[in-house]
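Engineer: build me a model from this:
(chains A and B)
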Amino acid sequence: MRRAFPILAVLTALFLVYAFYQALWVAPTDALQGDVYRIIYYHVPSAWTAFLLFFINFIASMQYLANARPSTALAARWIVIAIGIVGFVAPFIPQVRQELPTGMYPSSVATTTLIITGLYFVIGKYFVDQDLDVLAVTTAEVGVVFCSIVLVTGPIWARPVWGIWWAPGDIRLTSTLVLWLIYVSYLVLRRFSDSAQTQQLAAVLAVFGALDVPLVYFSIWYFRTQHPQPVIGGGGSMDPRMLHVLLISWMAFLCFAFLVCWSRFRLEKLRREAEEAEALESLLEIAAPSSAVKAPIGGGSK
Amino acid sequence: MRSFWSIAVATLTKDIRLEWRSKDALNAMLFFSLLVVVIFVFSFDPLAEESRHIVGGLVWVAFLFAAVVALNQTWARELRNQVLDAYRVSPAPANALFLAKALGNFILVSLLEALMAPLFVIFYNLRVLGPAWQLIPVALLGTWALVVNGTFFAAMSLRTRSRELMLPLLLFPVSIPAVLGMVAGTTNILTGENPAHFYIVLLLTYDVVFTTACLALFETVLQAE
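Structural biologist: Reported below is the predicted structural model:
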């Protein structure tokens, strides 16, 4: 870890510089919007990264809650497997296939479901007990940062293109803001909680927050709004060169997010270890008072 | 199952009787929302045509804030004399307690709405242009959406510092889709320009999803110290 971290940090920095170069010089200029559109190379990757982090937070919170009892853990595992199977098979059934919005392929839906199911088990395998909670805090904090980037770059782009900073009627904009608010309240709860079971309470709130995410995502399909139609799998078409740069940019952002999460994860774990050690020390002190205090008591009893 | 409902009904009648004798929450809520209405009347002085577009928002903002008053005292009452601790160690199902509390709040907030709605009509000279009966499902579903999550988060905020402040901080972000549904639905019905069906379905979905989530997770919240 100690050796890998600086190397990865340098590589990520180089990758980010490369993505920046691609976004500003290599990607072609948009015919309608001009150069201002280039902000999407920051806006969209941040949004995807934030959503991914919030999703990991949801899975970690679910697992944390489910693992409280072996029966619920088992039930949760089977439910996830069932969702995975249904999600993998359903898109290929003709009736369901017709319902899919244009541009969304059955194979892509099936793969996404498989990845989601896989993520649940990968996280369950490598993170146990308190680590799940640490993962949840980490992803929520970093996710809020990326979500803030989305909410700041969005209006900067909207002002020249739409002519307004903020479109209150735009449900996707509003939903991202709501998502941001929910996760900020999640962090506030963690800070203000007096309870010894803060982890459980926070996990419960995370589940509530995640139930809002389908509203965010499906609102893209169900509401016709001022927002440009989604680029990936949406009705809109995008120059393949632009898409290429967008994906490179996303990869760079993912590496960056991973790096930040990793260091935050370690920091949080160390903080908890230090706290536990402190608590243990004070307990030991109560059980066996230090020699200076002990001597007179011992002398007195003799 | 019989005992589940008998416990729920017993808790509900106890709460209603307490409220009936003291009328603490109801009076505070009524006066609070009356103040909100009056302040809104001074802040905006709309024509009848404009008021149709804004009253949906005003009504629900007033009810949302007033509901927080009721929700905050839901569990605070049980903290006195360690009633909540007694409940926690008793074999009674946690969800019975939760449903009773949620229903109690639902009755209280619905009563408030029934009493306050005429005032809005008077102050803003309202005349409904759309199908007025649809206001009833919007109001019922919207109130349940507020109250079910509100009761849940009130129990959660018991475990935090400055709990009265925490409830809105936890409740409002999650409630935004429901508030959107209530406000947009009410506005559509008042103006009669667009159908409100979509919002009724949205509220219904919201209610089903979050009622299930509350019932599934309430035990965890109740047992937290």
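
Engineer: how about stretch A:130-146 and chain B, any contact?
Structural biologist: No: Stretch A:130-146 stays clear of chain B (C-beta under 8 Å from any C-beta of the partner chain), getting no nearer than 12.3 Å. For the C-beta atoms, the positions are set from N, CA and C on the backbone; glycine is no exception.

Engineer: would you mark the buried spots in that stretch?
Structural biologist: Residues of stretch A:130-146 classed as buried under the neighbour-count rule (16 or more other C-beta atoms under 10 Å in any protein chain shown) are A:131-144, A:146.

Engineer: residue B:41: which of those is nearest?
Structural biologist: The nearest member of the buried residues of stretch A:130-146 to residue B:41, counting by C-beta to C-beta, is residue A:144 at 38.5 Å.

Engineer: residue boundaries of the helices in the chain?
Structural biologist: Answering for chain A, as no chain was given. A:4-21, A:40-66, A:70-89, A:94-99, A:106-126, A:130-162, A:171-192, A:198-222, A:240-287, A:291-301 (DSSP state H).

Engineer: hm, I was asking about chain B
Structural biologist: Under DSSP H, chain B gives helices at B:2-22, B:24-43, B:48-79, B:83-89, B:94-124, B:135-157, B:163-191, B:197-223.

Engineer: of those, flag the one that's most buried.
Structural biologist: Highest mean neighbour count among these (mean count of other C-beta atoms under 10 Å in any protein chain shown): helix B:135-157, with a mean of 24.

Engineer: mean confidence score for stretch B:77-89?
Structural biologist: Stretch B:77-89 shows a mean pLDDT of 85.

Engineer: same deal with stretch A:178-192?
Structural biologist: 90.

Engineer: mind listing what's buried along that stretch?
Structural biologist: Applying 16+ other C-beta under 10 Å to stretch A:178-192 flags A:178-186, A:188-190, A:192 as buried.

Engineer: over to stretch A:247-267?
Structural biologist: Residues A:248-250, A:252-257, A:259-262, A:264-265 are the ones in stretch A:247-267 that count as buried (16+ other C-beta under 10 Å).

Engineer: just how off-centre is that stretch within its chain?
Structural biologist: Counting by C-alpha atoms, centre = their mean, to the nearest Å, stretch A:247-267 is centred 11 Å from the centre of its parent chain.

Engineer: please apply the same query to stretch A:23-40.
Structural biologist: On C-alpha atoms, centre = their mean, the centre of stretch A:23-40 falls 27 Å from the chain's centre.

Engineer: measure that stretch end to end?
Structural biologist: End-to-end distance of stretch A:23-40 (C-alpha to C-alpha, to the nearest Å): 9 Å.

Engineer: highest mean neighbour count out of the helices of chain A?
Structural biologist: Compared across the helices of chain A, helix A:40-66 shows the largest average neighbour count, a mean of 23 (mean count of other C-beta under 10 Å).

Engineer: residues of the stretch 51-200 of chain A that sit close to chain B?
Structural biologist: So the stretch 51-200 of chain A meets chain B at A:65, A:68, A:174, A:178, A:181-182, A:184-185, A:188-189, A:192-198, A:200 (C-beta under 8 Å from any C-beta).

Engineer: so what's residue 182 up against?
Structural biologist: Defaulting to chain A. Contacts for residue A:182 were tallied using C-beta atoms under 8 Å, 6 or more residues apart in numbering or on different chains; they are A:208-209, A:212, B:173-174.

Engineer: the intended chain is chain B.
Structural biologist: Counted by C-beta under 8 Å, 6+ apart, residue B:182 has contacts B:56, B:60, B:138-139, B:142, B:145, B:199, B:203.

Engineer: that one and chain A, how far apart?
Structural biologist: 15 Å (C-beta to the nearest C-beta, to the nearest Å).

Engineer: how about low-confidence regions in chain B?
Structural biologist: B:1-2, B:48 (pLDDT under 70).

Engineer: can I get the contacts of residue B:182 in CSV with distance to chain A?
Structural biologist: As requested, these are exported to CSV (distance: C-beta to the nearest C-beta, whole Å):
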residue, distance to chain A
B:56, 14
B:60, 16
B:138, 18
B:139, 21
B:142, 16
B:145, 13
B:199, 12
B:203, 12
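
Engineer: which single one of those is nearest to residue A:2?
Structural biologist: Closest approach to residue A:2 among the contacts of residue B:182 (C-beta to C-beta): residue B:145, at 50.4 Å.

Engineer: contacting residues around the closest one?
Structural biologist: Counting by C-beta under 8 Å, 6+ apart, residue B:145 touches B:175, B:178, B:181-182, B:203, B:206-207, B:210.

Engineer: could you measure from it over to residue B:108?
Structural biologist: 15 Å (C-beta to C-beta, to the nearest Å).

Engineer: how about the residues of the stretch 201-302 of chain A near chain B?
Structural biologist: Applying C-beta under 8 Å from any C-beta, one finds that the stretch 201-302 of chain A approaches chain B through A:201, A:204-205, A:207-209, A:211-212, A:215.
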